[in-house]
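**Q** let me see the structure of the following:
(2 chains)
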Protein chains: 2
Amino acid sequence: MNAISSLSSLGEFGLIDLIRARFPQPAAPELGIGDDAALLSPSPGMQLVVSTDLLAEGVHFERSFGQLRLLGRKSLAVNLSDLAAMGARHRWFFLSLAIPPGFPLEDIEALLDGLAEQAAEHGVLLAGGDTCVSKSGLVISVTIMGEQRPELLLRRSGARPGDEIWVSGTLGDSALGLQLLLTGGDKKGDVATEYVVNRHLDPTPRCELGQTLAEVGLVSAMIDISDGLLADLGHICEQSGCGAAIELAQVPRSPQFAALAEATAPAFWQLMVAGGEDYELCFTAPAASRAAILQRAKTAGIPATVVGKVTDSGRVVAHLPDGSIFQPSSAGYTHF
Amino acid sequence: MNAISSLSSLGEFGLIDLIRARFPQPAAPELGIGDDAALLSPSPGMQLVVSTDLLAEGVHFERSFGQLRLLGRKSLAVNLSDLAAMGARHRWFFLSLAIPPGFPLEDIEALLDGLAEQAAEHGVLLAGGDTCVSKSGLVISVTIMGEQRPELLLRRSGARPGDEIWVSGTLGDSALGLQLLLTGGDKKGDVATEYVVNRHLDPTPRCELGQTLAEVGLVSAMIDISDGLLADLGHICEQSGCGAAIELAQVPRSPQFAALAEATAPAFWQLMVAGGEDYELCFTAPAASRAAILQRAKTAGIPATVVGKVTDSGRVVAHLPDGSIFQPSSAGYTHF
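**A** Modelled structure (predicted):
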């Protein structure tokens, strides 16, 4: 049993020890936690790929949603997803925590356990970070670093008219899960509810699929879906100088989503393509790549589905099953 | 005149545009702001050096202290100082901001102006980041990346008994400045007060000196003084397996500090060696390096002073001018 129960009695160095104990240390001559900076050795000929995400209590998560372990997993998952979307191989991450003074020690330990689980599952090393007290809510800042051969990296700017538009997995589960959490609808206890709530609290970054698609050179542009398919596809179109036509009937949904979302029919398409936090991959590829992509997705164990085509229209258009044009009530998650 | 006066009317992409406009973009084929991740090319044969710092309102700074421009400068300065302490050359930084909804736009612009000034003065490129709303105070997370030839990097672990202990600049100014800010003593308006308050609000990272000392190979260990000389020297001793004897009479102080601190005599030594946030360098070197170090410091325009010796005692001892041992009331700044 641990006799220490509060952050202030633990102290900064006690907290650093708690963190250090959960993560394997980088091998010498690399230098991890404990000097002014971390020393890292990217592989020769590789381009360094770096992303950072800030998660703030009351904005990106509510402590009332429960398990801090899942929040730890998600904090790293969203960063892993950013690197997957470039087709990069993750290597190191940095963790900064601003923690409210009264934060229970067991919650900090659960948060660190979740981070450590996700790190171990994906083989990414904690290389450093910073900790301080927060006068307000919990803030988690993760910076992740990876690498890839420069010619293999997948940018948002490579889509060309005629390319097919793909998504991995199923969309809408996370947004529906969040809606149920916010409205108390998560208390039903049925399997479908648990599934979509878990997709919100514990998303799976598509690292293997993103890396494979980059390394086989079949794909022209890629992004991860954090703000909703329409918004994120909009980023590809903007940076590629093209447009997109999506057939909503083709957008893959889970049986759990289909079962639950019938009850909230008006929001059905909204949740699926404008809800956000799916952390699935959206990518574009010439039609000739189709069979090879399906084969790679099968190997990675993740469904991949064609949902539309890149056009030269300059805008993203989504067709409802009856052929009319879908108007989202807002084009994805807005941060302010 | 800017018609937009609040963050919510500006929006996330408006804020990103504000940021982008202030910082030169990395040259192609490197990819900066605007994809899932930044692509960076470390120089061949170099080790990558990475550090990160989180600054939280009410903990590391008070908005009532005034100019957000100086806070922007300091947010980057403390990270530059970490790389300087390794002898690394800074190249890129990542900026994440959690901003309270009612935060005045002119304050955000001032913060960004300060960051951009410091970045331009030191030639470090903004390569990416994240922004979100904060339900509480302003939080600033900076991750900085640099590089150096592996054999030149200065770790905390290289000090040897007999080495001389050096500090750059003068100590105590920042801690005294903070004390005056917290007690309202900064309202005097005299030149000395302004000087020490400015040393707290706008510290100067010793980048050139740190890089030069590493590259000429004269120095055995180095750290930057963020928690007070005694605490930070303690980290060198711990990791080098040695001790230290400091002669307080030799610790350099500014004329401004000497003039102001007489009035608060009991705190004199405390502020100077246990106050923190000096962001000067503390380093150890064989006595044979002395003349060469003084020459390099002169070239860099920063005083460097021998303040003691590395011992084999296993602890840090500071002697008062009368020969008795100084007992700090706490060994530097504690974060929790």
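
**Q** all strands for the stretch 51-200 of chain A, in order.
**A** For the stretch 51-200 of chain A, applying DSSP state E, counting those that start in this stretch gives strands covering A:89-99, A:125-133, A:139-148, A:164-168.

**Q** the last one near chain B at all?
**A** Same thing as strand A:164-168. No - Strand A:164-168 lies out of reach of chain B by CB under 8 Å from any CB of the partner chain, never closer than 14.5 Å. In short, each C-beta sits where N, CA and C put it, glycine included.

**Q** buried deepest among the strands of the stretch 51-200 of chain A, which one?
**A** Mean neighbours per residue, mean count of other CB atoms under 10 Å in any protein chain shown, is largest over these for strand A:139-148, with a mean of 27.

**Q** CA atoms only: put it into PDB for me.
**A** The C-alpha coordinates for strand A:139-148 follow below in PDB (Å, rounded to 0.1, in the frame of the first residue of the first chain):
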ATOM      1  CA  VAL A 139      -3.700  20.000 -18.500                       C
ATOM      2  CA  ILE A 140      -1.900  17.300 -20.500                       C
ATOM      3  CA  SER A 141       0.600  18.300 -23.200                       C
ATOM      4  CA  VAL A 142       2.200  15.500 -25.400                       C
ATOM      5  CA  THR A 143       4.800  16.100 -28.100                       C
ATOM      6  CA  ILE A 144       5.500  13.000 -30.200                       C
ATOM      7  CA  MET A 145       8.400  12.400 -32.500                       C
ATOM      8  CA  GLY A 146       8.800   9.800 -35.200                       C
ATOM      9  CA  GLU A 147      10.600   9.400 -38.500                       C
ATOM     10  CA  GLN A 148      10.100   8.200 -42.100                       C
END
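
**Q** sheet partners, orientation included, of it?
**A** Paired strands of strand A:139-148, with direction, are strand A:47-56 (antiparallel), strand A:89-99 (antiparallel) (DSSP bridges).

**Q** B:Ala110 is nearest to which of these?
**A** strand A:47-56 (20.5 Å; CB to CB).

**Q** for stretch A:268-278, list the C-alpha coordinates in CSV.
**A** The C-alpha coordinates for stretch A:268-278 follow below in CSV (Å, rounded to 0.1, in the frame of the first residue of the first chain):
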residue,chain,number,x,y,z
PHE,A,268,-27.5,10.3,-37.7
TRP,A,269,-25.4,11.7,-40.6
GLN,A,270,-24.3,14.7,-38.5
LEU,A,271,-22.6,12.4,-36.0
MET,A,272,-21.1,10.2,-38.7
VAL,A,273,-19.4,12.8,-40.8
ALA,A,274,-19.3,15.9,-38.7
GLY,A,275,-18.9,14.7,-35.2
GLY,A,276,-15.2,14.3,-34.8
GLU,A,277,-12.7,12.3,-32.6
ASP,A,278,-13.0,9.2,-34.8
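
**Q** got the contact list for it?
**A** A:169, A:171-176, A:178-179, A:200, A:203, A:225-231, A:246, A:248, A:251, A:253, A:257, A:261-262, A:264, A:318, A:320, A:326, A:328-333 (CB atoms under 8 Å, 6 or more residues apart in numbering or on different chains).

**Q** what do you get if the cut-off is 6 Å, keeping everything else the same?
**A** With contact meaning CB atoms under 6 Å, 6 or more residues apart in numbering or on different chains, stretch A:268-278 is reached by A:171-172, A:174-176, A:225, A:227-230, A:248, A:251, A:261, A:326, A:328-329, A:332-333.

**Q** for A:Ala85, see how far away A:Ser313 is.
**A** 24 Å (CB to CB, to the nearest Å).

**Q** buried subset of the contacts of stretch A:268-278 as a ChimeraX selection?
**A** Of those, the buried ones can be selected in ChimeraX as follows, counting by 16 or more other CB atoms under 10 Å in any protein chain shown:
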select /A:171,172,174,175,176,225,227,228,229,230,248,251,261,326,328,332,333
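
**Q** buried residues in the helix or strand hosting A:Ile19?
**A** Assignment of secondary structure by DSSP states H and E places A:Ile19 within helix A:7-22. Of the residues in helix A:7-22, A:Leu7, A:Leu10, A:Glu12, A:Leu15, A:Ile16, A:Leu18, A:Ile19, A:Arg22 count as buried by neighbour count, 16+ other CB under 10 Å.

**Q** want to throw those into JSON lines with pLDDT and distance to B:Ala37?
**A** Formatted as JSON lines, these follow (pLDDT from 0 to 100; distance: CB to CB, whole Å):
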{"residue": "A:Leu7", "pLDDT": "68", "distance to B:Ala37": "32"}
{"residue": "A:Leu10", "pLDDT": "76", "distance to B:Ala37": "34"}
{"residue": "A:Glu12", "pLDDT": "76", "distance to B:Ala37": "30"}
{"residue": "A:Leu15", "pLDDT": "82", "distance to B:Ala37": "29"}
{"residue": "A:Ile16", "pLDDT": "81", "distance to B:Ala37": "27"}
{"residue": "A:Leu18", "pLDDT": "83", "distance to B:Ala37": "29"}
{"residue": "A:Ile19", "pLDDT": "85", "distance to B:Ala37": "24"}
{"residue": "A:Arg22", "pLDDT": "86", "distance to B:Ala37": "25"}
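
**Q** how about the stretch 1-150 of chain A: which residue is closest to chain B?
**A** Here the stretch 1-150 of chain A gets closest to chain B at one residue, A:Ser136, 2.5 Å apart by CB to the nearest CB.

**Q** swap in the stretch 151-300 of chain A?
**A** For the stretch 151-300 of chain A, CB to the nearest CB, closest residue to chain B: A:Arg156, 5.3 Å.

**Q** surely that residue and A:Ile236 touch.
**A** Yes - checked against CB atoms under 6 Å, the pair A:Arg156 and A:Ile236 is within contact range at 5.0 Å.

**Q** what sits in contact with each of those two?
**A** Common neighbours of A:Arg156 and A:Ile236, counting by CB under 6 Å, 6+ apart, are A:Ala221, A:Ile223.

**Q** what residues are bridge-paired with A:Ala244?
**A** Applying DSSP bridges to A:Ala244 gives these bridge partners: A:Val310, A:Val316.

**Q** OK, contacts around it?
**A** By CB under 6 Å, 6+ apart, the contact list for A:Ala244 reads A:Ile165, A:Leu233, A:Cys237, A:Gly308, A:Val310, A:Val316.

**Q** do you know how far the closest residue to the first one other than its chain neighbours is from A:Leu209?
**A** Excluding the flanking residues, the one nearest A:Ile165 by CB to CB, 6 or more residues apart in numbering or on different chains is A:Gly308, at 4.3 Å. Shown here: A:Gly308 relative to A:Leu209, a distance of 19 Å by CB to CB.

**Q** right, I'll leave it there.
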